[in-house]
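>>> quick one, structure for this:
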Amino acid sequence: MQLFDVYSRWDVAPVRARGCRVWDADGVEYLDLYGGHAVISVGHSHPYYISALKEQLDKIGFYSNAVRNPLQEALARRIGVVSGYGDYSLFLDNSGAESNENAAKLASFHTGKDRMIAFRRSFHGRTSGAVALTDNPAIVSPFNANHKVTFCELGDAAGVEQELAKGDVAGVIVEGIQGCGGIHVPAIGFMQALEALCRQYGAVLILDEVQSGYGRTGKFFAHQWAGVRPGIITMGKGIANGFPCGGILIAPEFQARTGMLGTTFGGNYLACAAALAVLDIIEQEGLMANALAVGDHIRASLPKTARIKEVRGKGLMLGIEFHEEVAPLRQALLYKKHIFTGVAGKNMIRLLAPLCLTREEADRFLEAFNEVLQP
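Okay, here's the model as predicted:
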């Protein structure tokens, strides 16, 4: 049997990792500025994180949600304190896509309506409902195309209001910062307009913070820079530093009933132990402030060249857009300079480093980046 080959893979096979570094079997060290698609939040193989998982595994690794799990309750309290959403409720699942599926379902339950508004260039996941909310025809099969999603332009509040006025919209889902779509940061005024419009027309504002949340931009959630409070916030990726975990934060006005949401593996003991360890490390090591400071340093220190069209993002969620395709640059960074980076489309280098990236490691990238840009 062979693997079902659906990935475009780098020709690198890491065997161990620590912090922002990974090594292959030959001992070659790579600097990780991509964090496995923004999943590694507090660094690879953090000793505190490893200890927390081992300690929990010695106690109990899994039981279903048919029993009370005190770790879930502890995680809800901690996220409430760190995020500032202490009056919200937490539902735990396994991934960002599942979080977005549950958010859309909950918005529909809450409003009794059946249509969603999403935005051009959005990405919300690869499961059926999440794919329907994603503006990428290449990943939408005929089965996934449910025709209950309307795509508006990011920044076009008037267009959103025109759709909301039709009266059948359950929710509006927007990323705190668009990730796969090209690191587009919604304007503060636009985010505030979305909040007001959703309130006016009885729709639920859903903030997808799967990639942009958990301290990556210097605040716990990227939308907090705009001062808005959505009805539902979705999480995933960095929540447990590589252990599968996701979740949604739900405003107090939503009413729960038995069976409306559910999951087999979501919120299991190991996932909660991992997520609690991540919050400890973020707080103890000041990683939100570090992400903002190091990200600002990278932005300020990038070379001034006509080849770069624009630099977008915040904290350690950065996109460097070129006038040309970036595949050669990315390959040079990986195979010549041993630095992992990502892309968003054909013309953008995307950086999603662990939040513990140091200024010295950032300078290593900047030096390498300057060198590969030389003709």
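
>>> let's see the pLDDT reported for the residue positioned nearest the centre of the chain.
Central residue of the chain (CA atoms, centre = their mean): residue 211, 1.2 Å from the mean position. You'll see residue 211 listed with a pLDDT of 98.

>>> wait, it sits on residue 35?
No. Counting by CB atoms under 8 Å, residue 211 sits too far from residue 35 to count as a contact (10.3 Å). C-betas here are computed from N, CA, C, even on glycine.

>>> quick check: neighbours shared by the two?
Common neighbours of residue 211 and residue 35 are listed as residue 352 (criterion: CB atoms under 8 Å, 6 or more residues apart in numbering).

>>> so who does the nearest residue to the residue nearest to the centre of the chain once chain neighbours are set aside touch?
Computed as CB to CB, 6 or more residues apart in numbering, the closest residue to residue 211 that is not its neighbour in sequence is residue 179, at 4.1 Å. Counting by CB under 8 Å, 6+ apart, residue 179 makes contact with 38, 123, 211, 212, 317, 344, 350, 352.

>>> let me have those in TSV, extended by distance to residue 366 and secondary structure.
TSV is the format used below for the contacts of residue 179 (distance: CB to CB, whole Å; DSSP: H, G, I helix; E, B strand; the rest coil):
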residue	distance to residue 366	secondary structure
38	20	helix
123	28	coil
211	23	coil
212	23	coil
317	17	strand
344	20	coil
350	16	strand
352	16	coil
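
>>> where along the stretch 1-150 of the chain do the strands fall?
In the stretch 1-150 of the chain, the strands defined using DSSP state E, counting those that start in this stretch lie at 14-18, 21-24, 29-32, 89-93, 115-119, 149-152.

>>> partners of the fourth one in the sheet?
The reference is to strand 89-93. Strand 89-93 has the following strand partners under DSSP bridges: strand 246-250 (antiparallel).

>>> need the contact partners of the partner strand.
Under the criterion CB under 8 Å, 6+ apart, residues 79, 83, 85, 88-99, 102-103, 106, 210, 231-236, 239, 266-267 lie in contact with strand 246-250.

>>> mind running it again at 7 Å?
Contacts with strand 246-250, where a contact means CB atoms under 7 Å, 6 or more residues apart in numbering, come from 85, 88-96, 98-99, 102-103, 106, 232-236, 239.

>>> now the element after it, going C-ward?
helix 269-284 (DSSP states H and E).
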